[in-house]
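Novice: I would like to see how this sequence folds:
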Amino acid sequence: MAELKIDALVFDVLGTLVDEPAGLRAGIRALDPPVVLSAAPPADPSVVPPLDAPGTERLLLLWQRHIEREQRRILYGDRPYLPSDALDREAARLVAEAAGVEDPAAVEELAGAARRLPPWPDTVAGLARLAGRFPLIGLSNASRTALLELNAHAGLRWHQALSAEDARAYKPDPAVYRLAVTVAGRPPERLLMVAAHAWDLRGAQALGLRTAYVARPVGDPPAPSDRFDLYAEDLADLARQLEHPQGE
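Specialist: Numbers count the residues shown, from 1 in each chain. The predicted model follows:
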């Protein structure tokens, strides 16, 4: 492996720095009226019990599949570009309909759950530590407005935050990664893309960026054929590896 000479770090946000499923689950559980999506009916039909865990997970999967499918359609040119806000509203309507909720205000509140995502326990301190040595660039599929709210809610601090909306595309379209290369003003090989998703790192790798995989419970783990530059347990581990490269 070639020696790492890094001038700036580029971070994925959703899943890498914030726990996206946790935030969406919270929004789904807040749906009113609550329903149960399980096989067994309630003992008293006049009582509407709270949304159960299996029901929440089914609705979460419905949301995730819609977002993945529609981003893929945009990526392949089968649908005109729409920012993440619009796709989140579509997903929220689907989930609310499946849950039996018709209130437009509840649907809009649910769509906003995609901007209220909690950071992983190591995120804030890890970014602060890494910012002491490198410029930090956030690079997210979230829209400009969503990214602003995500950053504020989760306490994320950047030197620069970039939205895929500026490229009118979604990762892993090369145009999104070029945003970071342009802003950094450095060759791609001097940038380190950090993500919990192997597909994201492959996209960055194809454009020449160096890559660091950070393990998260909700990420896309590397395949046996993947060859990333760094593999880290969390951001503290990533910082240690960058502060003390092998061979020093």
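Novice: can you map out the helices along this structure?
Specialist: 20-29, 53-75, 84-99, 104-112, 123-131, 144-154, 174-184, 198-206, 235-243 (DSSP state H).
Novice: Would you mark the buried spots in the fifth one?
Specialist: This points to helix 123-131. Going by neighbour count (16 or more other Cβ atoms under 10 Å), the buried part of helix 123-131 is 123-124, 126-127, 129-130. Using the backbone N, CA and C atoms, a C-beta is placed for each residue, glycine as well.
Novice: tell me which residues in stretch 198-216 are buried?
Specialist: In stretch 198-216, counting by 16+ other Cβ under 10 Å, buried: 198, 200-205, 207, 209-214, 216.
Novice: Greatest separation within these: which pair is it?
Specialist: L207 and R216 (22.7 Å; Cβ to Cβ).
Novice: neighbouring contacts of stretch 61-80?
Specialist: Residues outside stretch 61-80 that contact it (Cβ atoms under 8 Å, 6 or more residues apart in numbering): 21, 24, 28, 81-82, 87-88, 90-92, 94-95, 98, 141, 169-170, 172-173.
Novice: From what I see, L156 and V124 are in contact.
Specialist: Yes - using Cβ atoms under 8 Å, L156 is in contact with V124, at 7.4 Å.
Novice: could you point out where the protein is predicted with low confidence?
Specialist: The model of the chain has pLDDT under 70 over residues 1-2, 32-52, 247-248.
Novice: make it 90
Specialist: Within the chain, the ranges that satisfy pLDDT under 90 run 1-3, 31-55, 102, 219, 244-248.
Novice: follow-up on the earlier one: so which of the helices of the chain comes closest to I137?
Specialist: Nearest of those (Cβ to Cβ): helix 174-184, 5.2 Å.
Novice: Could you export the closest one as PDB, CA atoms only?
Specialist: C-alpha atoms of helix 174-184 as PDB (Å, rounded to 0.1, in the frame of the first residue of the first chain):
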ATOM      1  CA  PRO A 174     -18.400  11.000  -9.500                       C
ATOM      2  CA  ALA A 175     -19.800  14.600  -9.700                       C
ATOM      3  CA  VAL A 176     -20.500  14.600  -6.000                       C
ATOM      4  CA  TYR A 177     -16.900  13.600  -5.000                       C
ATOM      5  CA  ARG A 178     -15.600  16.200  -7.400                       C
ATOM      6  CA  LEU A 179     -17.200  18.800  -5.200                       C
ATOM      7  CA  ALA A 180     -14.800  18.000  -2.400                       C
ATOM      8  CA  VAL A 181     -11.800  17.900  -4.800                       C
ATOM      9  CA  THR A 182     -12.700  21.300  -6.100                       C
ATOM     10  CA  VAL A 183     -13.200  22.900  -2.700                       C
ATOM     11  CA  ALA A 184     -10.100  21.300  -1.300                       C
END
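Novice: That one: how far from the chain's middle?
Specialist: 18 Å (Cα atoms, centre = their mean, to the nearest Å).
Novice: What is it packed up against?
Specialist: Helix 174-184 is packed against strand 8-11, strand 136-140, strand 160-163, strand 191-195, helix 198-206, with contacts defined by 3 or more Cβ pairs under 8 Å, 6 or more residues apart in numbering; DSSP states H and E.
Novice: Including distance to L117, could these go into JSON lines?
Specialist: Shown next, in JSON lines, are the helices and strands packed on helix 174-184 (distance: least, Cβ to Cβ, whole Å):
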{"stretch": "strand 8-11", "distance to L117": "14"}
{"stretch": "strand 136-140", "distance to L117": "11"}
{"stretch": "strand 160-163", "distance to L117": "15"}
{"stretch": "strand 191-195", "distance to L117": "16"}
{"stretch": "helix 198-206", "distance to L117": "17"}
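Novice: can you tell which of those is closest to A184?
Specialist: When the helices and strands packed on helix 174-184 are ranked by proximity to A184 (Cβ to Cβ), strand 8-11 comes first, at 4.8 Å.
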